[in-house]
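Novice: quick check, what structure comes out for this input:
(chains A and B)
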Amino acid sequence: MASSTPPGHCTLTAAKPYQNHHLHHPHNRHLHHPTSSHQSWRPPQVSLNNQASHARPAFPCLSDFSGRRSTRCVSKMHFGRPRSTTSRHSAAAEEALQLALSCGGEVSNIDDILVDFQPKLRASDDYTFLLRELGNRGDWVNAMRCFEFAISIEKRRNEKGKLASSMISTLGRLGKADLAKRVFDVAVNEGYGNTVYAYSALISAYAKSGYCDEAILVFRSMKDSGLKPNLVTYNALIDACGKGGADYKRASEIFNDMLENGVLPDRITYNSLLAVCSGAGLWEVARSLFDEMVHRRIDQDIYTYNTLLDAACSGGHIDVAFEIMATMAAKSVFPNEVTYSTMIRGCAKAGKMDQALNLFNEMKLAGIKLDRVSYNTLLAIYASLGRFDEAFAVGKEMESIGIKKDVVTYNSLLDGFGKQGMYDKVKELFVEMKRGNLCPNLLTYSALISSYCKGGLYKEATEAYTEFKRQGLKADVVFYSNLIDALCKKGLVESCALLLDEMMRDGIQPNVVTYNSIINAFGQSETVDYVEAQIESSNSLTYTGGKMVVKEDDRIIEVFKQLACGKSGNVKQDQRTRKDFRCVLGIFRKMHEMKIKPNVVTFSAILNACSRCNSFEEASLLLEELRLFDNQVYGVAYGLLMGHNEHTWSQALSLFDEVKRMDSSTASAFYNALTDMLWHFGQKRGAQLVVLEGKRREVWENTWTKSCIDLHLMSSGAARAMVHAWLLNIRSTVFEGHELPKLLSILTGWGKHSKVVGDGALKRAIEALLVSIGAPFEVAKCNIGRFVSTGAVVTAWLRESGTLKVLVLEDDRTLPRARFDLLPNLQPLPL
DNA sequence: TTAGGGTTAG
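Specialist: Numbering: from 1, shown residues only, chains lettered A, B, ... in the order given. Next comes the predicted model:
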């Protein structure tokens, strides 16, 4: 029977792609000890060690069945969020600011204003106000000018220190961490920067730019200087752990350090810890922290809730997120525009577009004004769906209320048009955004270059990449993964191997997404020779966490040039299967070596590669070998493939329990891949059992009624197994003496959900199946994605003597003999 | 000192 808890030896966690740790006992064990002091509490612990403390299974379990589908990194941050301050500035400072703002940001003007106002401005308060306000408007040049002027006239060390801290934090908010460091260094050298405030501001500046290592170094040097970190310092440092790669282990170490040093955590500490969990995909830990906050009587605020909701949405728990959102008002924390855009994005990611759009209406009804991000979120949803008219309408509405399209708006549009293969439109928009003086960022170039590669426009890709480098932008793991995926989808695995090599040379560690893209390319690739050699030879290039080999030339340009010339090797068709599978194993080994945990997507990718392979021996050998890495996951796939029903099924149910915790699209991809593989190799009964288990667990929404079966979210194997099950189900209705509905429908869609838009592969597979079993259905006149029949015709067919035989599925292999009597879930289908 | 934009399966 299905168990609600995973087996003891199984550690399926929800960690971010670049995290390799396992999480032990995520639930906070201190919740039941109300008398324990802060010092006795520790945040839920994470271990970097893969070895669980409890008994080891016969085979290790190394997969990370993370349901997390996206990551957050600092490049997404929009800098310069205005800061609300309780200012102690004078009316003269206000006047000076207005004057500075009205004269267009010329440096000479600000100098004149500063000189003119000098007699009226009051020490650090007024200058702090001026430089902060200028900074809030993005004008860091004049803010610096103002700071330097104030420092030059100020004699008191204390006041100079205040100015320096303000300048550092202002630069930090603007993402100018390097400049902030320069200000800090000068301040320390000149004897006014050695304060907790200056150090904390610099830590925060590094945090905002995602430089966690640097923030920690500053923290250490602060301690070395004899300064005692305070609450703000610790909070900023924990924040750095979130923004610099969602490192929960580090965050919890800092938290412990904080407690040991007698600094009590506050609401912001918890909010920052929650943000780390959200970024790391540690939903359960986030929930424990939230409970801990309640228990500790630390008030929750809108940040707490919004971060918690983000963690829930990112973990695929959109229903839980709605439940939490519904409790907010009772705590006098009212959803704001951030709450809504978080939830809307969560819905959109989970494929619940109707709910996402409903939330927009709800937001308007609640009188919450849509802001820049809300509009961009809505626009991105439409753009991602290829609904460009609606996306542009949102853009217009946004502009009509005075919010200009920004770089995020354009990034969404570029991405959307790129995904639809509308490359001319991509080019046009890129020109338009530059004409509007918008500065393309890493995300812009990532979308642009990947789109061009997808479209085979390598000349354009080269140009865009050259421009990207010229801007001084640095590629990150997502940039590379996106590019690698685009090339993999074209079957250019050779080029991907080069890029993989290049990114490691550049000191960027590939993550599970990078490798999953490469695995996905197998079986549909043009060539595998080269990648195999690369995977083997890149042993010496294993990432060590620091800077790696200094790059001599740019291999990305080289790759594009080769592609533009049409140079990509080919391997004879008959050599592919064997090599492909050896390669998948090689990649798996490499991931293991690099401590990159395969996840559920890896599993689906491998099974899909098996489904593209015509050799049962090769596929079973691969799965058998993969059991050495993770027996729970690959043991189930292997067992079902081999027809080992007895123990496999109970293992499978445990695995399905794990999958149940993930979001619906992740879960359905898993079931789709598994059933496809089983169907492909003739394990049709097994495929049907899996698909029915998926149905029982509501993996696909509203799969069937008596009159209709909806297959549009299924793979062809899953759909075919499901059609058999449905027909057997309605057959039992007929034999029980009930009438079938007048009209029966089989929905396949027309390929909207397939990788190739309009491909219709599912429809063709179902059509062939219906023909082969003689089912009397035909394509509906008004909907090419629907097969229809009348109840009477289908009843007559179901009553025919030969129908039952064609509907009941068998496995090609059943070793040993299945013992259905022991397993209630394996009861034969109702006949 | 804390919250909402980009990559894999489908």
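Novice: residue contacts, A:Met433?
Specialist: By C-beta atoms under 8 Å, 6 or more residues apart in numbering, A:Met433 lies in contact with A:405, A:407, A:410, A:440, A:444. To be clear about C-beta, it is placed using only N, CA and C from the backbone, and glycine gets the same treatment.
Novice: check the offset of the helix or strand harbouring it from the chain's centre.
Specialist: Using DSSP states H and E, the element containing A:Met433 is helix A:423-435. Distance, stretch centre to chain centre, for helix A:423-435: 27 Å (C-alpha atoms, centre = their mean, to the nearest Å).
Novice: show me what counts as buried in that helix.
Specialist: By 16 or more other C-beta atoms under 10 Å, the buried positions in helix A:423-435 come out as A:423, A:425-427, A:429-430, A:433.
Novice: so which of those residues reach DNA strand B?
Specialist: Contacts with DNA strand B are made by none of the buried residues of helix A:423-435, judged by C-beta under 7 Å from any atom of the strand.
Novice: A:Trp470 - how many residues pack around it?
Specialist: Actually, residue A:470 is Arg rather than Trp. Neighbour count for A:Arg470, taken as other C-beta atoms under 10 Å: 8.
Novice: how much space separates it from DNA strand B?
Specialist: Computed as C-beta to the nearest atom of the strand, to the nearest Å, the A:Arg470 to DNA strand B distance reads 17 Å.
Novice: now that residue: how far from A:Thr444?
Specialist: A:Arg470 is 14 Å from A:Thr444, where distance means C-beta to C-beta, to the nearest Å.
Novice: near DNA strand B, which of the contacts of A:Met433 show up?
Specialist: The subset of these within reach of DNA strand B, by C-beta under 7 Å from any atom of the strand, is A:Val407.
Novice: which one of the contacts of A:Met433 is nearest to DNA strand B?
Specialist: A:Val407 (4.4 Å; C-beta to the nearest atom of the strand).
Novice: distance of the residue lying closest to that closest one once chain neighbours are set aside from DNA strand B?
Specialist: Nearest residue to A:Val407, sequence neighbours excluded (C-beta to C-beta, 6 or more residues apart in numbering): A:Leu438, at 5.2 Å. A:Leu438 sits 9 Å away from DNA strand B when distances are taken as C-beta to the nearest atom of the strand.
Novice: show the contacting residues for A:Leu438.
Specialist: The contact partners of A:Leu438, by C-beta under 8 Å, 6+ apart, come to A:405-407, A:410.
Novice: now, the residues you listed that are in helices?
Specialist: Members of the contacts of A:Leu438 lying in helices (criterion: DSSP state H): A:407, A:410.
Novice: need the residues of the stretch 401-550 of chain A near DNA strand B, please.
Specialist: Residues of the stretch 401-550 of chain A lying near DNA strand B (C-beta under 7 Å from any atom of the strand): A:406-408, A:411, A:415, A:441-443, A:446-447, A:476-479, A:481-482, A:485, A:489, A:511-514, A:516-517, A:520.
Novice: before we move on, back to that, could you dump the contacts of A:Leu438 to CSV with neighbour count and pLDDT?
Specialist: Shown next, in CSV, are those (neighbours: other C-beta atoms under 10 Å; pLDDT from 0 to 100):
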residue, neighbour count, pLDDT
A:Lys405, 22, 92
A:Asp406, 18, 92
A:Val407, 17, 91
A:Tyr410, 25, 94
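Novice: which among the contacts of A:Leu438 gets closest to A:Gln300?
Specialist: Lowest distance from A:Gln300 to the contacts of A:Leu438 (C-beta to C-beta) belongs to A:Asp406, with 31.0 Å.
Novice: I figured that closest one hits A:Val373, correct?
Specialist: No - assessed by C-beta atoms under 8 Å, A:Asp406 is found out of contact with A:Val373, at 9.8 Å.
Novice: mind checking the SS state of the residue lying farthest from the centre of chain A?
Specialist: Here chain A reaches farthest from its C-alpha mean at A:Pro119, the gap being 54.1 Å by C-alpha atoms, centre = their mean. Classification of A:Pro119 using DSSP: H, G, I helix; E, B strand; the rest coil returns coil.
Novice: if we can go back for a sec, show me which pair in the contacts of A:Leu438 is furthest apart.
Specialist: Greatest spacing in the contacts of A:Leu438, by C-beta to C-beta: A:Lys405 and A:Val407 (8.7 Å).
Novice: about what we covered before: and the pLDDT for the residue farthest from the centre of chain A?
Specialist: What the model reports for A:Pro119 is a pLDDT of 88.
Novice: how near is it to DNA strand B?
Specialist: Separation of A:Pro119 from DNA strand B (C-beta to the nearest atom of the strand): 29 Å.
Novice: A:Thr327 now?
Specialist: Here A:Thr327 is placed at a distance of 16 Å from DNA strand B (C-beta to the nearest atom of the strand).
Novice: near the residue lying closest to A:Leu101 once chain neighbours are set aside, how many other residues are there?
Specialist: Closest residue in space to A:Leu101, ignoring its immediate chain neighbours: A:Arg137 at 7.2 Å, by C-beta to C-beta, 6+ apart. A:Arg137: 17 surrounding residues under other C-beta under 10 Å.
Novice: I'd say A:Arg137 and A:Leu97 touch.
Specialist: No - with contact defined as C-beta under 8 Å, A:Arg137 does not count as touching A:Leu97 (9.6 Å).
Novice: ok, back up a step: now the buried residues of helix A:423-435 as TSV including pLDDT?
Specialist: Shown next, in TSV, are the buried residues of helix A:423-435 (pLDDT from 0 to 100):
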residue	pLDDT
A:Tyr423	92
A:Lys425	93
A:Val426	94
A:Lys427	94
A:Leu429	94
A:Phe430	94
A:Met433	91
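Novice: what is the nearest of those to DNA strand B?
Specialist: For the buried residues of helix A:423-435, the closest approach to DNA strand B (C-beta to the nearest atom of the strand) belongs to A:Met433, at 10.4 Å.
Novice: just to revisit the earlier point, got phi/psi on the residue farthest from the centre of chain A?
Specialist: phi -60, psi -30 (degrees, to the nearest 10).
Novice: A:Arg256 should be in a helix, yeah?
Specialist: One correction, residue A:256 is Asn, not Arg. Yes - using three-state DSSP, the secondary structure at A:Asn256 is a helix.
Novice: and it, how far from A:Ala768?
Specialist: 61 Å.
Novice: try A:Trp283
Specialist: From A:Trp283 over to A:Ala768 the distance is 42 Å, taken as C-beta to C-beta.
Novice: and if you look at A:Ala201?
Specialist: Distance from A:Ala201 to A:Ala768, by C-beta to C-beta: 67 Å.
Novice: which parts of the stretch 201-350 of chain A are helices?
Specialist: A:212-224, A:231-243, A:248-260, A:267-280, A:283-295, A:302-314, A:318-328, A:337-349 (DSSP state H, counting those that start in this stretch).
Novice: can you redo those as CSV with mean pLDDT, distance to A:Lys181 and mean neighbour count?
Specialist: Converted to CSV, the helices of the stretch 201-350 of chain A look like this (pLDDT from 0 to 100; distance: least, C-beta to C-beta, whole Å; neighbours: other C-beta atoms under 10 Å):
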stretch, mean pLDDT, distance to A:Lys181, mean neighbour count
helix A:212-224, 91, 8, 18
helix A:231-243, 92, 14, 26
helix A:248-260, 92, 20, 20
helix A:267-280, 92, 22, 26
helix A:283-295, 93, 31, 21
helix A:302-314, 94, 27, 25
helix A:318-328, 92, 38, 17
helix A:337-349, 92, 30, 23
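Novice: need the ones you listed in a markdown table with distance to A:Gly395, can you?
Specialist: Shown next, in a markdown table, are the helices of the stretch 201-350 of chain A (distance: least, C-beta to C-beta, whole Å):
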| stretch | distance to A:Gly395 |
| --- | --- |
| helix A:212-224 | 36 |
| helix A:231-243 | 29 |
| helix A:248-260 | 38 |
| helix A:267-280 | 29 |
| helix A:283-295 | 33 |
| helix A:302-314 | 24 |
| helix A:318-328 | 26 |
| helix A:337-349 | 16 |
